[in-house]
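> sequence and computational prediction follow.
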Amino acid sequence: MNAFSASISRAGAAALLIAATCCVPLYAEKPIRFSEGLTQLLKNNAKILESKAQILSYSAYQTEASAMDYPTLSLLTFVAPIFESRGNAAASQDNFNKWGPYIRGELTVVYPVFSFGRIADAKQAADSAVEGARQLHESQINKSIFDYKQLYLQIILLNRYKAVLDDAGEKMRAVLSRAEKIYKKGTGEVQRKDLTRLKLFALELERFGAEWLANKKSAGLALGHFLGERESLLVLEQDFPRIEDATRSLEGLIAESQEKNPELKAVAAGLRARRHQVEMEKGGYLPVLFLAGRSEINYTDLRDSQQSSYAFDPFNRNWFAVVFGAKWDIDFGNTKAKVQRAQAELEKMQAKQNEALTGLPLKVAMAMWEFEKFKFQSEIVQSKYKEANKWALSEMTAYTTGTGSAKDLIEALGAQLMTEKESAEMEYNLCVAAAKLAMEIGDQNTLGTWRE
């Protein structure tokens, strides 16, 4: 029977493997409190940092969309060598023995006056996308805090296991010591089989202790890895946090989740972004009206300036013009494809919203029911522990006075050990259930009060 092997998650094993490859000493432990770890989590957790970088990625689209409303400027200037040439459009004479500079400058300014809503939709789509990324970042924080609570509570559960093992070991040593003394006297009060049963139980406790140590190291490394540390962490809180006895109504919790849950907000923002994207792509069927200005400056003293307006002079003529025009990409097949792709993404987002609107109340309800289940079971386990404790005390008294049997004592101590373990696990399950309910709602401040 393995009483402790289920206490460490796969995350602990993964962290242990990572630490081994990085040559991290297993004995190094850095003390940390829950609040300190929470601060470190927000700074160092890889998934949180990755979701934060996603905001910057969408902010680039927002900047790009905002720039569509501004005039674009194109400037070209250069200086080039040129030989002398004199004359006009009818005749000219070149002199390759004389060279000098030719200066040219071009400036074009284009301002989109009216895009039939295309630019406005692009800006609103980008704004909604950034808001969606922010809410997804909050959602990742919410999930990571829940995972952090699980890892932290797991180590506290292991500490409780240690207390259970120490208590059972102390009692077992006292009973075994007395049994060996009585057996050596040869009075027959303690039989050889009784002494063997007691020794086997003591060895089983030692095996549990060795297994506990390995699990403790794995859990400390797992927590350190999750917080961006390369060393094992030592949890300073010795017991589970206090959980409120009274819970709000299911309707109230669902209403709160619809107001706070960041994942639901992210879906709503994504839906707005997709709708504006569809409208933006539909704008491709229409032209963009623009106001543009263009200016050129040309100069060289090695060419004669042409005075006639009908003579093209690229070397010494300066000019400026303002136009009002329309730019129309008449590629309706490509535009239609873009609209269809945007419409498909919109339908995907609508499906996600429908799922979230029905799925979130279900998740909140299941989390609440699980919390209520563990709260009820916790009361039963406490009653079982009291009865097992009375039984163990009775059998120890009987055995030490010579009226009890080793078999009955071992059964009683085993029952006490298992109910103590079950009591610790029930407190752990209750805390995790409360944390999960908080995650589904979107409240990250649960489990803030600890028994010091």
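Now that the structure is in, tell me what you want to look at. Numbers count the residues shown, from 1 in each chain.

> what does the domain assignment say about this protein?
Domain assignment of the chain by automatic domain parsing yields the ranges 5-70+116-285+331-441, 71-114+288-327.

> now, of these, which is deepest in the fold?
domain 5-70+116-285+331-441 (a mean of 17; mean count of other CB atoms under 10 Å). Yep, even glycine has a C-beta here, placed from its N, CA and C like the rest.

> as a whole number, average confidence for the strand or helix carrying W212?
Per DSSP states H and E: W212 is located in helix 192-226. Averaging pLDDT along helix 192-226 gives 86.

> what ranges do the strands span in the chain?
All strands of the chain, identified by DSSP state E, fall at 29-32, 72-87, 92-114, 232-235, 288-299, 319-327.

> which of those sits closest to P262?
strand 29-32 (26.3 Å; CB to CB).

> for the closest one, C-alpha coordinates in PDB please.
Below are the C-alpha coordinates for strand 29-32, written out as PDB (Å, rounded to 0.1, in the frame of the first residue of the first chain):
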ATOM      1  CA  GLU A  29      16.500  25.200  -0.500                       C
ATOM      2  CA  LYS A  30      15.400  28.900  -0.700                       C
ATOM      3  CA  PRO A  31      12.700  29.900   1.900                       C
ATOM      4  CA  ILE A  32       9.700  31.600   0.500                       C
END
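
> for that strand, which strands pair with it and how are they oriented?
In the sheet containing strand 29-32, its partner strands are strand 232-235 (parallel), by DSSP bridges.

> the partner strand: how far from the chain's middle?
22 Å (CA atoms, centre = their mean, to the nearest Å).

> pull the CA atoms of that strand into CSV?
This file holds the C-alpha atoms of strand 232-235, laid out as CSV (Å, rounded to 0.1, in the frame of the first residue of the first chain):
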residue,chain,number,x,y,z
SER,A,232,14.4,24.1,-4.6
LEU,A,233,12.1,26.3,-2.6
LEU,A,234,11.2,25.8,1.1
VAL,A,235,7.6,26.8,1.9
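
> mean confidence for it?
Strand 232-235 comes out with an average pLDDT of 88.

> next: stretch 252-259.
Throughout stretch 252-259, pLDDT has a mean value of 90.

> what does it contact?
247-248, 264, 360-361, 364-365, 368, 437, 440-443 (CB atoms under 8 Å, 6 or more residues apart in numbering).

> so what's the one residue sitting closest to the centre of the chain closest to, chain neighbours aside?
In the chain, the residue lying closest to the centroid (CA atoms, centre = their mean) is Q140, at 3.0 Å. Once flanking residues are discounted, Q140 sits nearest to S51: 4.1 Å by CB to CB, 6 or more residues apart in numbering.

> look at the one you found and report its pLDDT.
Confidence score, pLDDT, at S51: 93.

> quick one, what contacts the residue nearest to the centre of the chain?
Contacts of Q140 by CB under 8 Å, 6+ apart are 47-48, 50-51.

> how close does I330 get to Y285?
Relative to Y285, I330 is positioned 9 Å away (CB to CB, to the nearest Å).

> same question, G325
G325 is 18 Å from Y285, by CB to CB.

> how close does D301 get to F315?
From D301 to F315 the distance is 10 Å (CB to CB).

> can you list the weak-confidence ranges in the stretch 251-400 of the chain?
Judged against pLDDT under 70, the stretch 251-400 of the chain has no low-scoring part.

> give me phi/psi at F240?
phi -70, psi 160 (degrees, to the nearest 10).

> which non-adjacent residue is nearest L107?
Closest residue to L107 apart from its sequence neighbours, by CB to CB, 6+ apart: S295 at 4.8 Å.

> list phi and psi for L302.
phi -100, psi 0.

> what residues are up against it?
Contacts of L302 were listed using CB under 8 Å, 6+ apart, and they are 82-85, 98-100, 102.

> how far away is the closest residue to V235 other than its chain neighbours from F371?
Excluding the flanking residues, the one nearest V235 by CB to CB, 6+ apart is I155, at 4.4 Å. To F371, I155 is 22 Å away according to CB to CB.
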